[in-house]
Each structure stands twice: as C-alpha cells, then as structure tokens.
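A.B. asks: Please find the sequence and the predicted model below.
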Amino acid sequence: MDDYRVVADTLAADVEAGRLRPGDRLPPQRRFARERGIANSTAARVYGELVRRGLAVGEVGRGTFIRAAKPPPEPALAEPGDARVDLELNFAVLPGQSASLARALEPLLRQDVLTAALHPIGAAGTPVARDAAAALLTRGDWRPDPETLLFTGNGRQAIAAAIAAFVPVGERLAVESLTYPVVKGVAARLGVELVPIETDDDGLVPSALLAAGPVRALYVQPTLHNPLGTTMPAARRAALAEVVTRLDLPVIEDGIYTFLRADVRPFAAFAPERTVFVDSLSKRVAPGLTAGFLVPPPAWTARLASAVRSGGWAAPRFAVEAATQWITTGTLAAVETAKRGDAASRAAVLAERLAGFEVHGDPASYHRWWVLPEQWRAETFVAAAARRGIALSPASAFAVLPGHAPNAVRIAVSAPPLETLDAALKVLAELASGTPDDLLVD
C-alpha cells in the first residue's frame with residue numbers, strides 16, 4: 001500500500017474514533033509533513049485522499065478541516081437502494097453559499113458580541129433587527145413597518161402563532177383546497193377545523209370564499225403556491241381583498257417563496273389593514289439556522305406578540321443576530337439573486353425533460369405540479385419512482401379533505417445537483433410514458 005494511504009487511514013481512524021472532530025483544522029501541510037517525517041508531496045496526497053473520501057474539506061486561504069458530515073451516497077436512479085434523489089423537499093443550498101454566510105457571521109464570534117447574542121430576546125427582537133428584516137421583506141411600494149415586525153423561531157411557528165391569534169379552538173380556518181401540509185398539522189394540534197376553498201389557475205376563488213360559510217380567518221399562499229407553484233395575478237388579489245374586507249376577515253399570507261418573485265406585490269399591499277404577512281429564512285438560506293417573520297397591522301401587533309409568547313415560538317437571539325448580519329452585509333441579497341438564477345436553470349431542465357406532459361407552475365418556482373397521464377394513479381407513480389431512488393410528493397399530502405386529491409404529484413427541484421436532477425427527470429419521463437403494467441417485468 002502506498003505510504004500516503006497508510007497515513008490517510010490513520011487519520012480516518014482518528015475521525016471514526018472521535019479524536020478528530022468535525023470542524024477541527026488540520027496542520028499546514030508543511031508542518032504535518034515535518035511532524036510525520038514524510039515528504040511535502042506525500043502530505044499533499046494525504047490531504048487530497050481525505051478530501052476524496054469525504055472526510056475533509058479544503059477552504060482556499062484558510063486550510064483543511066475535518067468535514068462536518070460524510071457526503072450522501074450517490075443516488076440510485078434505476079434500482080432500489082438507500083440513496084435517493086430528493087424531489088420531495090425544497091431546500092436549496094448553493095455551492096459556495098455556506099462560505100459566504102460563514103464570513104458574514106465572523107463578527108458574531110467575538111467573545112463580547114457572542115455573549116450578547118446568547119442572551120434571551122423577545123418577540124419584537126431589536127430595533128436594528130427589525131429595520132433589517134423590514135428591508136429584506138420590502139417588495140416594490142410595500143414596505144413593512146419595523147415597529148410592528150415580530151420574530152419567531154421559523155416560518156412554521158409564525159404560521160402557528162397567527163392561527164392561534166385569530167382562530168379559537170373548535171372554530172374554522174379557510175385555506176386553499178390544496179395547501180401546505182404543515183398547516184394541516186398545526187390546525188389539528190390547535191383544535192382548528194380547516195375549510196377548503198376552491199382554486200383555479202389564478203389561485204383562490206373569491207366567490208368560493210364568500211360561499212364557504214362563517215370562518216374566523218383565511219390562510220393563503222398567493223405567491224408561488226405550495227404545491228401548485230402558481231402566482232395569483234394582481235386582479236385576483238384585488239378581488240380577494242374586496243371579499244375579505246366585506247367579510248371582515250383576518251388574512252394570514254404565507255410569503256415563504258416571495259424572494260423568488262421580487263417583482264410581485266404581496267397580498268398585504270392590497271389589504272394592509274387585515275393581513276398578517278409571514279416569511280422566514282428557511283428557503284432563502286437553509287433550514288438549519290432560520291428565523292421567522294410576522295408583519296401584522298399595527299392594531300394587531302400586541303395580539304400576535306402575545307400568541308408568540310404563549311406558544312413559546314419566539315426566535316433565539318443568535319438566529320435573529322445572524323439574520324441581521326446576513327441582511328446588513330448584503331450576503332442574503334446575493335444568495336437570493338443566486339437562487340433566482342438557480343431556479344431558472346432548473347426550470348429549463350424541467351421544461352425540456354417533461355415536455356409534452358401536463359406540468360403547471362410559475363417558471364420562477366422551485367416546484368411544479370404534474371398532472372399524471374391517465375394510466376397512472378399518484379400513489380402508484382410515487383411508489384414506482386421510489387423504487388428507482390426518486391422521492392416525490394403525491395397530491396394526497398396536500399389535500400385538505402381525504403379522498404379529494406387530484407391525480408397529480410408535486411416535483412420539488414431545488415435539492416439535487418443539476419446533473420442529478422436532469423437524470424432523475426429523464427427517468428420519471430420514461431416511467432410516465434409507460435404503464436404500471438410495465439413494472440411487472442422490472
């Protein structure tokens with residue numbers, strides 16, 4: 001065995017035993033060579049071997065570090081296996097993103113700053129954080145009032161706080177007939193009944209909301225709807241604003257994907273006196289360190305703040321400080337711009353690979369709604385895709401009423417590398433072009 005592999009094996013054993021821990025910095029190669037009594041070129045090959053095995057990562061200008069986690073196994077696109085291509089969850093982490101985010105956080109790691117960042121913080125955050133968040137959420141002529149802005153641990157908690165603030169136990173919340181699955185779980189835990197409202201190609205149908213009977217509030221996703229991927233046009237937003245005003249109905253607007261459509265005015269701009277705008281960092285950045293945002297009208301700020309406190313949904317101060325750093329340094333704006341470009345690249349691949357199928361959704365979206373060919377049922381297609389190592393979401397996951405799901409699947413395209421996405425979509429297209437009977441000969 002080559003000498004450099006023997007040394008690499010020794011270091012790999014140290015990683016396995018915990019003697020070298022994730023984030024540990026390895027010595028400079030020259031010093032490592034001197035300490036081990038090996039040539040500088042051999043030390044370079046050792047470090048290269050650790051990187052190749054996924055045990056270390058090299059950062060230009062900083063050195064070589066033990067990797068936080070082994071890279072995932074290669075996905076299986078033909079045969080069953082543990083690895084999978086994730087077209088089920090939407091969490092885009094772009095190459096180089098973590099490095100830029102880490103650089104922006106360096107001031108927080110100073111002892112005095114970190115000490116302050118680890119102290120508790122209320123739902124209102126700090127004036128600096130509120131100003132930064134208001135700037136982040138601004139869309140066109142709509143700018144949140146920093147004085148009303150509240151922070152939660154994530155977007156789900158922001159949604160839960162808004163529902164809890166307006167819908168008492170046993171009362172009814174109107175939602176689109178296909179909706180974000182987390183809302184179904186939140187409503188169940190809060191003892192709230194969901195009332196599905198009809199949608200069409202432009203989004204929620206205002207007349208259907210009028211006919212739905214008494215409800216206490218409306219939860220709606222007008223921009224890049226999950227799962228449909230559609231964006232409500234301005235005329236429909238204006239019509240819906242008229243209806244909720246006539247009904248005197250509070251509106252919870254989920255704006256989690258609005259960063260991908262910076263040109264669209266939120267529904268809150270059409271009905272500012274009765275809309276609570278909800279957003280978070282989970283899609284803009286990543287789910288590992290996130291913060292949620294609530295933008296209520298001034299008259300409802302205390303009510304929402306009370307709901308956040310009573311639910312234990314306030315954001316950790318470090319997350320708020322991290323978000324403020326990312327915003328004020330321009331780091332987050334750069335990530336958003338990069339993700340809009342990334343979404344466009346993935347849209348092009350999806351359009352090419354699924355040409356000829358009935359696929360719906362805004363081109364800016366990270367997900368699409370695929371109405372399957374007649375020969376397929378959604379659950380059967382999802383199972384067949386899983387056998388090829390591809391995870392999808394069936395329509396039933398989003399349907400408010402059991403048994404009322406269309407024959408469709410949601411495709412989330414943000415997670416896999418572009419080449420893997422291309423290969424997975426090719427497999428899905430071939431699968432959809434066949435029939436379930438073809439599975440009998442696999």
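C.D. replies: Alright, I've got the coordinates. Numbering: from 1, shown residues only.

A.B. asks: can we go C-alpha only for contacts and neighbour counts from here?
C.D. replies: OK.

A.B. asks: for the residue nearest the centre of the chain, helix, strand, or coil?
C.D. replies: The residue lying closest to the centre of the chain (CA atoms, centre = their mean) is Lys283, at 3.3 Å. Recorded secondary structure, Lys283: coil (DSSP: H, G, I helix; E, B strand; the rest coil).

A.B. asks: what about the nearest residue to it once chain neighbours are set aside, distance to Ser393?
C.D. replies: Spatial nearest neighbour of Lys283, excluding adjacent residues (CA to CA, 6 or more residues apart in numbering): Phe91 at 6.0 Å. Distance from Phe91 to Ser393, counting by CA to CA, to the nearest Å: 15 Å.

A.B. asks: which residues of the stretch 1-150 of the chain fall in helices?
C.D. replies: With DSSP state H, counting those that start in this stretch as the criterion, the stretch 1-150 of the chain has helices at 3-17, 29-36, 40-52, 97-105, 111-117, 127-137.

A.B. asks: Tabulate those (JSON lines), appending distance to Ala291, mean pLDDT and mean neighbour count.
C.D. replies: Formatted as JSON lines, those follow (distance: least, CA to CA, whole Å; pLDDT from 0 to 100; neighbours: other CA atoms under 10 Å):
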{"stretch": "helix 3-17", "distance to Ala291": "32", "mean pLDDT": "85", "mean neighbour count": "15"}
{"stretch": "helix 29-36", "distance to Ala291": "39", "mean pLDDT": "90", "mean neighbour count": "15"}
{"stretch": "helix 40-52", "distance to Ala291": "32", "mean pLDDT": "87", "mean neighbour count": "18"}
{"stretch": "helix 97-105", "distance to Ala291": "15", "mean pLDDT": "86", "mean neighbour count": "15"}
{"stretch": "helix 111-117", "distance to Ala291": "14", "mean pLDDT": "77", "mean neighbour count": "13"}
{"stretch": "helix 127-137", "distance to Ala291": "10", "mean pLDDT": "96", "mean neighbour count": "19"}
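
A.B. asks: would you turn these into a markdown table with distance to Ala355?
C.D. replies: Shown next, in a markdown table, are these (distance: least, CA to CA, whole Å):
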| stretch | distance to Ala355 |
| --- | --- |
| helix 3-17 | 46 |
| helix 29-36 | 51 |
| helix 40-52 | 37 |
| helix 97-105 | 31 |
| helix 111-117 | 50 |
| helix 127-137 | 35 |
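
A.B. asks: so which of those helices comes closest to Arg274?
C.D. replies: Nearest to Arg274 among the helices of the stretch 1-150 of the chain is helix 127-137 (17.7 Å), distances taken as CA to CA.

A.B. asks: Which residues does that closest one contact?
C.D. replies: 124, 143-147, 149-150, 293, 320-321, 323-324, 327-328 (CA atoms under 8 Å, 6 or more residues apart in numbering).

A.B. asks: how distant is it from the center of its chain?
C.D. replies: Chain-centre distance of helix 127-137: 20 Å, with CA atoms, centre = their mean, to the nearest Å.

A.B. asks: Next secondary structure after that helix?
C.D. replies: Once the chain leaves helix 127-137, the next helix or strand it forms, by DSSP states H and E, is strand 150-152.

A.B. asks: and that next one, how far out from the chain's middle?
C.D. replies: 18 Å.

A.B. asks: now stretch 190-197
C.D. replies: Distance, centroid of stretch 190-197 to centroid of chain: 24 Å (CA atoms, centre = their mean).

A.B. asks: Just the buried positions in the lengthiest helix in the chain, please.
C.D. replies: If you go by DSSP state H, the chain has its longest helix at helix 331-353. Judged by neighbour count using 16 or more other CA atoms under 10 Å, the buried positions of helix 331-353 are 331-333, 335-336, 339-340, 342-344, 346-347, 349-350, 353.

A.B. asks: Can you list the helices and strands that it packs against?
C.D. replies: When contacts are defined as 3 or more CA pairs under 8 Å, 6 or more residues apart in numbering; DSSP states H and E, helix 331-353 packs onto helix 97-105, helix 418-433.

A.B. asks: ok, and what's touching whichever helix or strand comes after that helix?
C.D. replies: Remark: after helix 331-353, the chain's next helix or strand is strand 358-360, criterion DSSP H and E. The contact list for strand 358-360, computed with CA under 8 Å, 6+ apart, reads Leu228, Gly229, Thr230, Arg368, Trp369, Trp370, Val371, Leu372.

A.B. asks: Output these in TSV, with distance to Ala271, pLDDT and secondary structure appended to each entry.
C.D. replies: Converted to TSV, the contacts of strand 358-360 look like this (distance: CA to CA, whole Å; pLDDT from 0 to 100; DSSP: H, G, I helix; E, B strand; the rest coil):
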residue	distance to Ala271	pLDDT	secondary structure
Leu228	23	96	coil
Gly229	22	94	coil
Thr230	20	95	coil
Arg368	28	97	strand
Trp369	28	97	strand
Trp370	32	97	strand
Val371	33	96	strand
Leu372	37	96	coil
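
A.B. asks: In CSV: those, plus distance to Pro436.
C.D. replies: As requested, these are exported to CSV (distance: CA to CA, whole Å):
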residue, distance to Pro436
Leu228, 25
Gly229, 27
Thr230, 29
Arg368, 22
Trp369, 20
Trp370, 17
Val371, 16
Leu372, 12
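
A.B. asks: can you redo the helices and strands packed on helix 331-353 as JSON lines with distance to Glu253?
C.D. replies: Putting these into JSON lines (distance: least, CA to CA, whole Å) gives the following:
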{"stretch": "helix 97-105", "distance to Glu253": "28"}
{"stretch": "helix 418-433", "distance to Glu253": "31"}
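
A.B. asks: closest to Gly18 out of those helices?
C.D. replies: helix 97-105 (24.0 Å).

A.B. asks: what's in contact with the longest helix of the chain?
C.D. replies: Here helix 331-353 has contacts from 92, 94, 97, 100-101, 104, 259-260, 284-285, 326-327, 363-366, 413-414, 418, 422, 425-426, 429, using CA under 8 Å, 6+ apart.

A.B. asks: Among those, name the buried ones.
C.D. replies: 92, 94, 97, 101, 104, 259-260, 284-285, 326-327, 363-366, 413-414, 422, 425-426.

A.B. asks: Show the backbone phi and psi for the closest residue to Asn154 other than its chain neighbours.
C.D. replies: Once flanking residues are discounted, Asn154 sits nearest to Gly292: 4.0 Å by CA to CA, 6+ apart. Phi and psi for Gly292, reported as degrees, to the nearest 10, are phi -100, psi 160.

A.B. asks: Okay, and the beta partners of Gly292?
C.D. replies: For Gly292, the beta-bridge partners are Thr152, Ser280 (DSSP bridges).
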